[in-house]
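> need the 3D shape of this:
(chains A and B)
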2 protein chains.
Amino acid sequence: MFRAYEKDGDISYSMGAFPTVELIKRRKEDVIAIALGSKLKMTDELEKILESVKDKVVTDDRAVSRVAKKGNVFMVGAFRKRFTSFGSGKHIALVRPSDDGNLGTIMRTMLGFGITDLAVIDKCSADVYDPKTVRASMGAVFSLNISLYDGWEDYAAVHKEPKYLFMLRPCSIPITAVEPPTGNYALVFGNEATGLPDGYAEYGTPVVIRHTDKIDSLNLPQAVAIGAYEFTKKNFTENT
Amino acid sequence: MFRAYEKDGDISYSMGAFPTVELIKRRKEDVIAIALGSKLKMTDELEKILESVKDKVVTDDRAVSRVAKKGNVFMVGAFRKRFTSFGSGKHIALVRPSDDGNLGTIMRTMLGFGITDLAVIDKCSADVYDPKTVRASMGAVFSLNISLYDGWEDYAAVHKEPKYLFMLRPCSIPITAVEPPTGNYALVFGNEATGLPDGYAEYGTPVVIRHTDKIDSLNLPQAVAIGAYEFTKKNFTENT
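Down below sits the predicted model:
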């Protein structure tokens, strides 16, 4: 089962020790196999974690290199992709994100701010389970509930939460003036290059992170980070 | 002068139309040459901008491919690297950042929030003028004043501004509790993997962006984005 990754398949791969350990810790039931390279430096901690999936561990340099391609990876996990429909709650919705690396770092940031539900909308989006995404997320992908929707209508039929749409429009409300709701909400972001289509403004509250006119727009992962930070910072202030 | 990039050289390259146009607009005096691929789609706007450096423009597919390597780049600029010592002011200081892509996106975010001075500290840092950095900055690098310092002492000898050191320490002040000063300041961030050394806490005010314990730390570009956003948001609220 260790072969080149296919977007349409049911299996994906974690490359390297760190994301593979996260896989075993968070999604043991989805682990299909773990391949170790003969040059892996075994540690007590690693040994203990591998013990919990020992029937699935093989040492196989060729399996590792078939998946990882790069020479400095000595541990690879094969796992079943999992999609979880989540109900009401605070979540992030990405409309047609195009970059796997961005998607991964966004997952990590969400988890950092305690937002564990992610909706990805549009069939042409980047792949939440591409090994590049898994790697960029540093394993955060295994701690999230992820739902895919073919289009906005499918998504909006399920999710009725108040929506905050991050859009660079004159009529958008500056994020500094938004009072995050105490209940559920969705933070919605568009594609890296094109943002959200204008018509989306009517689906909720259009919000803008103001910046100088020296750049066209903030990078997507940075915009999501600032949005997630602003909407959750009260939790961190109250708890500490 | 179009050849493989060298970190120790005086020349670097912008790859692609967007960053090359930014180069010509912002740093005309540093342009050495512009090479166009024969497949470049010329537009009126592009033609007008190239007119301003017309003595330096050549059509040369081999020059383009020597620098860009990838096949989908049809415009390359060669420019002199510029370092500018800046005086007192609000700025961002990065201690040993290790990733060129991160460095580029950080530059873009800084410019977005109106912070145009960047200090990079430590000889082993990522390269502010690597073509990968230039590309990730989407040309923002040409709008910044950038100073390099061999170490903290050299930097601190020049910069006496109040310093806010982003550190995951129990004693750090949550950023939500920090009142940004009205005068000058420096926001200081450490390396992607290791952060700032503990001893740096004494150089100013240690600050933390609180997050859950599900991740070890925020990604560096996201942490810088949130820091820059918090420290500058008053400007954007007042102006609009």
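
> list the buried residues of the longest helix anywhere in chain A.
Taking DSSP state H as the criterion, chain A has its longest helix at helix A:220-239. Across helix A:220-239, burial judged by 16 or more other CB atoms under 10 Å in any protein chain shown covers A:220-233, A:236. From N, CA and C alone the C-beta is placed, and that goes for glycine too.

> stretch A:118-125 now?
Buried positions in stretch A:118-125, judged by neighbour count with 16+ other CB under 10 Å: A:118-122, A:125.

> residue contacts, the residue of chain A positioned farthest from its centre?
The C-alpha centroid of chain A is most remote from A:Ser38, which lies 30.8 Å away (CA atoms, centre = their mean). Applying CB atoms under 8 Å, 6 or more residues apart in numbering or on different chains, one finds that A:Ser38 lies in contact with A:59, A:61.

> any idea which helix or strand carries it?
Taking DSSP states H and E as the criterion, A:Ser38 maps to no regular element, lying outside all helices and strands.

> residue ranges for the helices of chain A, please.
Taking DSSP H as the criterion, chain A contains helices spanning A:17-26, A:44-51, A:61-68, A:100-112, A:131-136, A:152-158, A:220-239.

> related to what we said a few turns ago, the buried residues of helix A:220-239 also near chain B: which ones?
By CB under 8 Å from any CB of the partner chain, the members of these lying near chain B are A:221-222, A:225-226, A:229, A:233, A:236.

> quick check: residues of chain A near chain B?
Taking CB under 8 Å from any CB as the test, the list of chain A residues beside chain B reads A:105, A:108-109, A:111-114, A:138, A:140, A:143, A:174, A:176-177, A:209-212, A:214-215, A:218-219, A:221-222, A:225-226, A:229, A:233, A:236-237, A:240.

> now the buried members of the residues you listed.
Of the members of the residues of chain A next to chain B, the ones counted as buried by neighbours, 16+ other CB under 10 Å, are A:105, A:108-109, A:111-113, A:138, A:140, A:143, A:176, A:209-212, A:214-215, A:218-219, A:221-222, A:225-226, A:229, A:233, A:236.

> quick check: bridge partners of A:Ile92?
A:Leu118, A:Leu187 (DSSP bridges).

> quick revisit: got CSV for the helices of chain A, with mean pLDDT too?
As requested, these are exported to CSV (pLDDT from 0 to 100):
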stretch, mean pLDDT
helix A:17-26, 96
helix A:44-51, 96
helix A:61-68, 92
helix A:100-112, 98
helix A:131-136, 96
helix A:152-158, 96
helix A:220-239, 90
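
> right, so of these, which gets closest to B:Ile92?
Evaluated over the helices of chain A, closeness to B:Ile92 peaks at helix A:220-239, with 13.6 Å, by CB to CB.

> off-centre distance for that closest one?
In terms of CA atoms, centre = their mean, to the nearest Å, the centre of helix A:220-239 is set 16 Å apart from its chain centre.

> helix B:220-239 and that helix, what's the angle between them?
Interaxial angle, helix A:220-239 versus helix B:220-239 (axes from the mean of the first three to the mean of the last three CA atoms, to 10 degrees): 80 degrees.

> restricting to C-alpha, output helix A:220-239 in PDB.
Output in PDB follows, covering the C-alpha atoms of helix A:220-239 (Å, rounded to 0.1, in the frame of the first residue of the first chain):
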ATOM      1  CA  LEU A 220      -4.400  33.700   3.100                       C
ATOM      2  CA  PRO A 221      -2.800  31.800   6.100                       C
ATOM      3  CA  GLN A 222      -2.000  35.200   7.700                       C
ATOM      4  CA  ALA A 223      -5.500  36.500   7.200                       C
ATOM      5  CA  VAL A 224      -6.900  33.200   8.700                       C
ATOM      6  CA  ALA A 225      -4.500  33.500  11.700                       C
ATOM      7  CA  ILE A 226      -5.600  37.100  12.500                       C
ATOM      8  CA  GLY A 227      -9.300  36.200  12.100                       C
ATOM      9  CA  ALA A 228      -9.000  33.100  14.300                       C
ATOM     10  CA  TYR A 229      -6.900  35.000  16.800                       C
ATOM     11  CA  GLU A 230      -9.400  37.900  17.100                       C
ATOM     12  CA  PHE A 231     -12.400  35.600  17.400                       C
ATOM     13  CA  THR A 232     -10.900  33.400  20.100                       C
ATOM     14  CA  LYS A 233      -8.700  35.700  22.100                       C
ATOM     15  CA  LYS A 234     -11.300  36.100  24.800                       C
ATOM     16  CA  ASN A 235     -11.100  32.400  25.600                       C
ATOM     17  CA  PHE A 236      -7.400  32.700  26.200                       C
ATOM     18  CA  THR A 237      -7.600  35.800  28.200                       C
ATOM     19  CA  GLU A 238     -10.300  34.400  30.500                       C
ATOM     20  CA  ASN A 239      -8.600  31.100  31.100                       C
END
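
> show the secondary-structure elements that it is packed against.
The helices and strands touching helix A:220-239, judged by 3 or more CB pairs under 8 Å, 6 or more residues apart in numbering or on different chains; DSSP states H and E, are strand A:91-95, helix A:100-112, strand A:163-166, strand A:186-189, helix B:100-112, helix B:220-239.

> can you list the domains in chain A?
Following automatic domain parsing, one gets these domains for chain A: A:11-80, A:91-239.

> deepest in the core, which of these is it.
domain A:91-239 (a mean of 19; mean count of other CB atoms under 10 Å in any protein chain shown).

> ok, of the buried residues of stretch A:118-125, which one's closest to chain B?
Of all those, A:Leu118 has the smallest distance to chain B: 14.0 Å, by CB to the nearest CB.

> which stretches of chain A have low pLDDT?
For chain A, the stretches with pLDDT under 70 are A:238-240.

> give me the most central residue, it.
A:Met107 (3.0 Å).

> identify the residues contacting that residue.
Contacts were defined as CB under 8 Å, 6+ apart; by that measure A:Met107 touches A:118, A:128, A:133, A:136-137, A:140-141, A:144.

> closest to B:Asp198 out of the residues you listed?
B:Asp198 lies nearest to A:Ala140 out of the contacts of A:Met107, by CB to CB, at 26.2 Å.
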